[in-house]
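Novice: turn this into a structure:
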Amino acid sequence: MEFTHFSLNTYPNIKSQLLLWANQFNYFTAYDSNSHIDAYTKYDFLIAIDALDTYAEKFDIESFKYWKKNEFTCCVMSYEMNHHILSISTNNDTFIDFLSYLFYKPRYIIYIKEGRIYINRNYPEAIEILDQISNYCIVTNYSIPKISFKTDISEEKYIKTVHQIQDKILEGAFYELNYCIDFKTESAEIDAIHTFIQLNEIAQTPMAALVKMGKKWILSFSPERFVTKQGNTLIAQPIKGTARRHMDNIEDDRVKLALQQSEKERAENSMIVDLMRNDLTPYAKTGSIHVSEYCKIYSFKHVHQMISTIEATLENEEKAIDAILQCVPAGSMTGAPKKNVMKHIDTFETFKRSMYAGNIGYFDNNGDFDSNVVIRTIYYDEKIKKANFSVGSAITSQSIAIEEYKECLLKAQFILKAFGNE
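Specialist: Numbers count the residues shown, from 1 in each chain. Below is the predicted model of the structure:
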């Protein structure tokens with residue numbers, strides 16, 4: 001595939017203008033690292049526009065393998081994508097009816113890397129496209145509308161459910177369960193692109209993404225990488241452990257240190273590290289799985305997060321898809337043991353997760369893969385004017401219910417405040 005490149009300096013507003021230009025098509029997916037460049041980030045910014053071909057039928061592993069073969073492929077995977085493979089059912093309703101999963105091969109691939117813009121077109125066509133893109137004007141005075149998001153889980157109900165989960169833990173049903181609650185609204189009028197631009201500038205998370213699927217949108221401000229594949233290496237970076245940032249540097253350092261030393265948070269993180277190691281074991285070379293970062297504190301604009309990094313060398317690169325699917329859904333959003341705890345989640349939560357706790361990712365032309373965990377994310381259907389988002393936390397035997405409830409509200413605060421919910 002031929003790419004033509006240009007200096008980024010010539011197009012200072014290109015990321016926002018790309019989103020506006022892409023809106024003329026039914027499908028696009030944008031991935032933004034927000035300048036959090038590390039050893040696992042391949043592109044500073046990437047957008048895949050217009051679907052030449054799509055696949056959203058019944059999921060099976062063979063179709064997954066077909067869709068990644070040597071061609072750039074976008075994938076949007078729901079939490080329940082492979083529930084039928086795991087023989088897990090859900091009786092809860094979804095607020096917005098997204099597809100279980102979507103693969104598509106884009107017409108246009110445009111990315112930014114090391115100060116240059118790359119377009120999968122020859123020079124004359126690339127220049128023509130960039131001229132079109134640069135004519136789009138960003139609404140600089142856009143105000144996010146005031147929208148009231150509500151949850152049907154009161155503090156009292158939340159605490160009662162946490163105690164029920166802990167009873168199950170004491171019975172030996174599982175060790176840890178990620179319990180989530182949903183916030184929703186109807187009659188919502190949202191400009192998805194300008195809302196994303198504004199909130200992305202505030203959040204500046206490393207795994208942000210914006211997805212358009214017809215009239216349905218996913219505005220993701222995720223800090224969490226799910227799995228990335230580079231050559232024959234798979235890397236997972238689960239998050240467990242969250243603390244609010246403070247304006248005062250001394251207090252902020254104290255909170256960061258307290259998170260680092262928290263036995264509870266480290267125990268939760270350790271369980272997910274063990275779960276991810278177990279998921280990768282069937283496909284890794286013997287002795288290759290190692291934890292390169294253990295319970296490291298990463299600081300983002302609003303919160304500190306405890307993140308571990310697990311790496312594994314694939315025994316057979318042809319088994320990469322199987323290894324990725326073994327990790328779906330992300331262990332940080334289930335608990336442990338994964339399959340067992342997933343069968344219980346539906347009995348405690350009041351909603352079908354759908355895209356929440358799923359993954360947004362891509363395969364590039366080399367067969368490499370990267371993806372986020374869909375958290376800190378807004379879901380919007382502009383046709384029926386519905387919007388929702390979800391938050392959660394890991395419940396263990398050590399959890400204090402009211403503190404877990406406060407953690408959920410902390411995670412929700414960014415979105416609630418943005419839409420005028422005090």
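Novice: helices along the stretch 201-350 of the chain, start to end?
Specialist: Listed in chain order, the helices of the stretch 201-350 of the chain (DSSP state H, counting those that start in this stretch) span residues 249-261, 263-280, 320-327, 338-348.
Novice: can I get those in JSON lines with distance to residue 375 and mean pLDDT?
Specialist: C-beta: built from backbone N, CA, C; applies to glycine. Putting the helices of the stretch 201-350 of the chain into JSON lines (distance: least, Cβ to Cβ, whole Å; pLDDT from 0 to 100) gives the following:
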{"stretch": "helix 249-261", "distance to residue 375": "18", "mean pLDDT": "92"}
{"stretch": "helix 263-280", "distance to residue 375": "14", "mean pLDDT": "91"}
{"stretch": "helix 320-327", "distance to residue 375": "16", "mean pLDDT": "88"}
{"stretch": "helix 338-348", "distance to residue 375": "15", "mean pLDDT": "93"}
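Novice: can you check which of the ones you listed gets nearest to residue 226?
Specialist: helix 320-327 (7.2 Å; Cβ to Cβ).
Novice: just checking, what packs against that closest one?
Specialist: For helix 320-327, the packing partners by 3 or more Cβ pairs under 8 Å, 6 or more residues apart in numbering; DSSP states H and E come out as helix 61-68, strand 227-230, strand 233-236, helix 263-280.
Novice: what angle separates the first one from helix 320-327?
Specialist: Looking back up the chat, that one is helix 61-68. Interaxial angle, helix 61-68 versus helix 320-327 (axes from the mean of the first three to the mean of the last three Cα atoms, to 10 degrees): 120 degrees.
Novice: what's the first helix or strand after helix 61-68?
Specialist: Proceeding N to C from helix 61-68, the next assigned helix or strand is strand 73-77, under DSSP states H and E.
Novice: quick one: strands adjacent to that next one?
Specialist: Looking at strand 73-77 with DSSP bridges, its paired strands and their directions are strand 101-113 (antiparallel), strand 359-363 (antiparallel).
Novice: of all the ones you listed, which one is nearest residue 271?
Specialist: For the strands paired with strand 73-77, the distance to residue 271 is smallest for strand 359-363, at 20.3 Å, taking Cβ to Cβ.
Novice: now do the contacts for the nearest residue to residue 255 once chain neighbours are set aside.
Specialist: If the residues on either side of it in the chain are set aside, residue 255 comes closest to residue 243, at 5.0 Å by Cβ to Cβ, 6 or more residues apart in numbering. The neighbours of residue 243, taking Cβ atoms under 8 Å, 6 or more residues apart in numbering as the test, are 255, 256, 258, 259, 303, 304.
Novice: who's in contact with the helix or strand bottoming out on mean pLDDT in the chain?
Specialist: Between all helices and strands in the chain, the lowest mean by mean pLDDT, DSSP states H and E belongs to helix 61-68, at a mean of 70. The contact list for helix 61-68, computed with Cβ under 8 Å, 6+ apart, reads 55, 57, 73, 75, 85, 103, 105, 321-322, 325, 363, 367, 369.
Novice: how distant is that helix from the center of its chain?
Specialist: Mean-position distance between helix 61-68 and its chain equals 21 Å (Cα atoms, centre = their mean, to the nearest Å).
Novice: check stretch 213-231 too.
Specialist: Taking Cα atoms, centre = their mean, one finds stretch 213-231 lying 4 Å from the centre of the chain it belongs to.
Novice: then stretch 229-249?
Specialist: The chain centroid and the centroid of stretch 229-249 are separated by 12 Å under Cα atoms, centre = their mean.
Novice: residue at max distance from the center of this protein?
Specialist: Taking Cα atoms, centre = their mean, the residue of the chain most remote from its mean C-alpha position is residue 124, at 35.8 Å.
Novice: test my guess that residue 120 contacts residue 108.
Specialist: Yes. With contact defined as Cβ atoms under 8 Å, residue 120 and residue 108 form a contacting pair (6.6 Å).
Novice: who touches both of these two?
Specialist: The overlap between the contact sets of residue 120 and residue 108 (Cβ under 8 Å, 6+ apart) is empty.
Novice: of the contacts of helix 61-68 - the most surrounded one?
Specialist: If you count neighbours using other Cβ atoms under 10 Å, the busiest of the contacts of helix 61-68 is residue 363, which has 26 neighbours.
Novice: against residue 277, how distant is it?
Specialist: Relative to residue 277, residue 363 is positioned 24 Å away (Cβ to Cβ, to the nearest Å).
Novice: quick one on the thing from earlier: tabulate the strands paired with strand 73-77 in CSV, adding columns for mean pLDDT.
Specialist: Shown next, in CSV, are the strands paired with strand 73-77 (pLDDT from 0 to 100):
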stretch, mean pLDDT
strand 101-113, 94
strand 359-363, 96
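Novice: please convert those strands to TSV, extending it with distance to residue 414.
Specialist: Compiled in TSV, the strands paired with strand 73-77 are given as follows (distance: least, Cβ to Cβ, whole Å):
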stretch	distance to residue 414
strand 101-113	25
strand 359-363	18
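Novice: any idea which of those is most buried?
Specialist: When these are scored by mean count of other Cβ atoms under 10 Å, the highest mean neighbour count falls to strand 359-363 (a mean of 26).
Novice: what's next to that one, contact-wise?
Specialist: Taking Cβ under 8 Å, 6+ apart as the criterion, the residues outside strand 359-363 that touch it are 29, 31, 46, 48, 67-68, 71-77, 209, 211, 218, 220, 226, 328-330, 369-374.
Novice: just the buried ones from the residues you listed?
Specialist: Using 16 or more other Cβ atoms under 10 Å as the burial test, the contacts of strand 359-363 include 29, 31, 46, 48, 67-68, 72-77, 209, 211, 218, 220, 226, 328-330, 369-374 as buried.
Novice: low-confidence ranges in the stretch 1-150 of the chain?
Specialist: Under the criterion pLDDT under 70, the flagged ranges of the stretch 1-150 of the chain are 1, 57-59, 67-69.
Novice: now do 50
Specialist: Filtered on pLDDT under 50, the stretch 1-150 of the chain yields no residues whatsoever.
Novice: just to revisit the earlier point, would you list the helices and strands packed on helix 320-327 in JSON lines and tack on distance to residue 92?
Specialist: Shown next, in JSON lines, are the helices and strands packed on helix 320-327 (distance: least, Cβ to Cβ, whole Å):
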{"stretch": "helix 61-68", "distance to residue 92": "25"}
{"stretch": "strand 227-230", "distance to residue 92": "26"}
{"stretch": "strand 233-236", "distance to residue 92": "27"}
{"stretch": "helix 263-280", "distance to residue 92": "24"}
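Novice: pull out the buried residues from stretch 79-95.
Specialist: 79, 80, 81, 82, 83, 90, 92, 94, 95.
Novice: could you dump those into TSV and include secondary structure and distance to residue 200?
Specialist: Formatted as TSV, the entries for the buried residues of stretch 79-95 read as follows, by DSSP: H, G, I helix; E, B strand; the rest coil; distance: Cβ to Cβ, whole Å:
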residue	secondary structure	distance to residue 200
79	coil	23
80	coil	27
81	coil	26
82	coil	30
83	coil	31
90	coil	31
92	coil	30
94	coil	25
95	coil	23
